[in-house]
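Enquirer: here's a sequence, model it:
(one chain, ligands or ions: 2)
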Amino acid sequence: MAHKRRNGPRTGLLGGSFNPAHGGHRRITLFAMAALGLDEAWWLVSPGNPLKPNRGMAPLGARVCSARAAARRAPIRVSAIERHWPSRYTVDTLRALVRRWPKRRFVWLMGADNLAQFHRWKDWRGIAKIMPIAVIARPGYDAAAIASPAMAWLRRYRVDAASFRKRGKWSAPALIELRFDPDPRSATQLRHADPDWASRYHGGLLRDQLTHDIIHTGNSKAGGA
Ligand SMILES: Nc1ncnc2c1ncn2[C@@H]1O[C@H](COP(=O)(O)OP(=O)(O)OP(=O)(O)O)[C@@H](O)[C@H]1O
Ligand SMILES: O=C(O)c1ccc[n+]([C@@H]2O[C@H](COP(=O)([O-])O)[C@@H](O)[C@H]2O)c1
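Expert: Ligands and ions are numbered 1, 2, ... in the order given. You can find the predicted model right below:
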């Protein structure tokens, strides 16, 4: 425990559109937490994925509410912190988070579908140098992820989950591939089954602890964990 306190909590970051959030998000997050020995996870609900069209995207408030419902009673914090920042690019978000929480150890979590197109993200090698990346197998995408341009570069940094879990210090780049009983659920499926899902969520964005920390305490030295 003393060791954990010195290094700060181990935190998994799952960025997403969450349009809407679903049981697959919760399941892969809890699985990744167990496999990597994480203390908590943060779901970063994106105001707008730079590579996705806005058409068909529900309001941010509804997506955040759906994420809160899906994360209920799990050690998962939901935030839309990126709405306060000028950039929606992940590389900028991760730099800002690491600056704000220097003692925390962060790992970026994403599904295999995102690894397949990771080479199209802004400064993707830069992202890999900021924090370790864990990729979760996803039905229908694993072959494309393995054959992807990003994987051609990242594969030299592979670490298995068991040795990653034992590491006190984390270094980057590091790539951990997580394979477990693959989860076929997707937001696309849910939107097809229930196109009006967003109308069930009222109230927009409620209190957001990460936003509060960033906006109201700035870079205070006390808030490192
Ligand atoms: N079933 C799943 N298995 C593995 N990863 C998943 C799964 N569902 C979502 N993810 C991952 O969670 C993150 C956020 O996903 P997102 O909110 O886009 O949901 P989605 O189901 O992929 O949505 P859509 O169907 O609209 O593309 C992404 O990194 C995505 O790869
Ligand atoms: O930074 C980029 O260039 C970039 C390009 C595509 C996606 N992303 C991020 O990837 C995360 C997953 O997005 P999505 O829509 O697949 O759930 C989310 O946090 C997006 O902001 C980031």
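Enquirer: which neighbouring residues are in contact with the residue nearest the centre of the chain, exactly?
Expert: With distances taken as Cα atoms, centre = their mean, L14 lies nearest the centre of the chain, 1.2 Å away. For L14, the contact set (Cβ atoms under 8 Å, 6 or more residues apart in numbering) comprises H25, I28, T29, A41, W42, W43, L44, L109, M110. Bear in mind the C-beta positions are built from the backbone N, C-alpha and C, glycine included.
Enquirer: so which of these comes closest to I146?
Expert: Comparing the contacts of L14 against I146 with Cβ to Cβ places M110 closest, at 14.6 Å.
Enquirer: report the secondary structure state of the closest one.
Expert: Assigned state for M110: strand (three-state reduction, DSSP: H, G, I helix; E, B strand; the rest coil).
Enquirer: report the beta-bridge partners for the nearest residue to the residue nearest to the centre of the chain once chain neighbours are set aside.
Expert: Of all residues not flanking L14 in the chain, L109 sits nearest, at 4.6 Å (Cβ to Cβ, 6 or more residues apart in numbering). Beta-bridge pairing for L109 (DSSP bridges): L14, A134.
Enquirer: and L109, how many neighbours does it have?
Expert: 29 (other Cβ atoms under 10 Å).
Enquirer: any buried residues in stretch 98-118, and which?
Expert: Within stretch 98-118, the residues scored as buried using 16 or more other Cβ atoms under 10 Å are 100-101, 104-118.
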